[in-house]
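Participant: Predicted structure and sequence below. I'll ask about it afterward.
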Amino acid sequence: MRLRNVKGAKDLINSYPKYIVDILEDTKLDLSEYNKNNLPVHMEIGMGKGKFVHTLAKLNKDVFYVGIERFDSVIVRALEKVIEEPLDNLLLLRFDAADLRDIIKPSSVERIYLNFSDPWPKVRHEKRRLASPTFLKQYKEVLVDNGELHQKTDNQSLFEYSIISINNYKMTITEMYLDLHNSDYTGNVTTEFEEKFKNKGQRIYKLTAKF
Ligand code: SAM
């Protein structure tokens, strides 16, 4: 069972306003206050414990990374990484990406990553899938023209659903790997979930798409 309320998580989150913002109903966010050098913004939605964005932010100082995660109990693990190794080009946001448009300005993001998103297999939960039309509509607004959506997953059904959803939304798939770890793709940065699946020998799917 996932613990949504880890003792002390809120206190820890509120102690580091430079690294993390807890988005509440009345929170207004101006990313330019954090992204002082006006770097291109790349965002991971459903970041989990943050290994992926934290690693990318270390590797690419010319990009400003935003990691979004809705659960306090999970995002504090990402915050611990930033406390241990602070980075100027990484901001963590605790909120539900269902409200993305309320928080992120239109045409302000160059790239969105969806890594190992919850598959929500039941049809009645389709709207919660991060590649559902409800989310794609929001991504279209916040992404710049030619902005990219990158998805990785171990879940074949979610991958197939995403391809159909992206295609129905008239997006173009520009890159696809059906077995990423046994492909010629170079420079892959793994996530926490990816490491687990890799160790079990599971196949990883990846696609990139544009509106
Ligand atoms: N991306 C990480 C990885 O690959 O290790 C975590 C994967 S985990 C299966 C999915 C994460 O997405 C969970 O931590 C969940 O809380 C988060 N998540 C799911 N829907 C979300 C939403 N609408 N807004 C923000 N976070 C979300």
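Facilitator: Happy to help now that I have it. Residues are numbered from 1 along each chain as shown.
Participant: Can you tell me which helices and strands the helix or strand bottoming out on mean pLDDT in the chain packs against?
Facilitator: Least confident helix or strand, the chain: helix 9-15 with a mean of 92, by mean pLDDT, DSSP states H and E. On a contact count with 3 or more C-beta pairs under 8 Å, 6 or more residues apart in numbering; DSSP states H and E, helix 9-15 meets strand 20-22, helix 72-84. Bear in mind the C-beta positions are built from the backbone N, C-alpha and C, glycine included.
Participant: Can you say which of the ones you listed is nearest to the ligand?
Facilitator: helix 72-84 (4.5 Å; C-beta to the nearest ligand atom).
Participant: can you give me the strands in the chain?
Facilitator: Secondary structure of the chain (DSSP state E): strands located at 20-22, 41-45, 64-69, 90-94, 109-115, 143-153, 172-177, 205-210.
Participant: Run through the residues of the chain sitting next to the ligand.
Facilitator: For the chain, the residues in contact with the ligand (C-beta under 6 Å from any ligand atom) are 45-48, 68-71, 74, 96-98, 115-118, 191-194.
Participant: can we see that at 8 Å?
Facilitator: Residues of the chain lying close to the ligand by C-beta under 8 Å from any ligand atom are 2, 44-49, 51-52, 68-71, 74, 95-98, 114-118, 128, 130, 135, 152, 191-195.
Participant: Filter those down to the ones in helices?
Facilitator: Lys51, Phe52, Val74, Phe135, Glu192, Phe193, Glu194, Glu195 (DSSP state H).
Participant: Looking at those residues, state which has the most neighbours.
Facilitator: Of all those, the highest neighbour tally under other C-beta atoms under 10 Å goes to Phe52, namely 24 neighbours.
Participant: Could I get the contacting residues of that residue?
Facilitator: Shown in contact with Phe52 (C-beta atoms under 8 Å, 6 or more residues apart in numbering): Glu44, Tyr113, Asn115, Val189, Thr190, Thr191, Glu192.
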